[in-house]
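**Student:** Quick one, what's the 3D model for this:
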Amino acid sequence: MSTLRTDTFTCVRCGLTVSAFAPDGARRNHCPSCLHSLHVLDHAEGGPSECRSRMAPIAIAVLREGDWMLIHRCAGCGELTSNPVRQDDNQLILMRMAVRPLAEPPFPLEPFGGL
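**Tutor:** A predicted model of the protein is given here:
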């Protein structure tokens, strides 16, 4: 018998009402539409965070196993966190973050033109 899960939260950026569980049943902590989150856990010290500021998605990291992680930075205190990408997350935003280092490298590309 499956259990109906009705936990929801409201996205701090776009206002979407979001299920706290992804379609595969995994727990989620960010909006699948805009990928923003709320700083509710203190990852450095453990336990709840008093910050409660918006966490903006800033990058994608890929683990050795191939799993994608969403990197957030807190707009209030600057803390960085990583959270698993979920199957219904906005693929366009994910791909834009993934290719940003190639599209906007921190060094000039002209020296590579003659190779």
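**Student:** only C-alpha atoms for contact and neighbour calcs from this point on.
**Tutor:** Will do.
**Student:** Now do the contacts for residue 89.
**Tutor:** 31, 32, 33, 35 (CA atoms under 8 Å, 6 or more residues apart in numbering).
**Student:** In a markdown table: the residues you listed, plus secondary structure.
**Tutor:** Converted to a markdown table, the contacts of residue 89 look like this (DSSP: H, G, I helix; E, B strand; the rest coil):
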| residue | secondary structure |
| --- | --- |
| 31 | coil |
| 32 | coil |
| 33 | coil |
| 35 | coil |
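**Student:** Of those, which is the nearest to residue 95?
**Tutor:** residue 35 (12.3 Å; CA to CA).
**Student:** where along the protein do the strands fall?
**Tutor:** 8-10, 17-19, 37-38, 54-62, 68-74, 80-84 (DSSP state E).
**Student:** Give the buried residues for stretch 93-112.
**Tutor:** Buried residues in stretch 93-112, counted by 16 or more other CA atoms under 10 Å: 94, 97, 98.
**Student:** Over to stretch 24-31?
**Tutor:** 28, 29, 30, 31.
**Student:** again with stretch 74-91
**Tutor:** 74, 75, 80, 81, 82, 84, 85, 86, 89.
**Student:** wait, doesn't the first one sit right on residue 82?
**Tutor:** Looking back up the chat, that one is residue 74. No: the pair residue 74 and residue 82 does not pass the contact test of CA atoms under 8 Å, sitting 11.4 Å apart.
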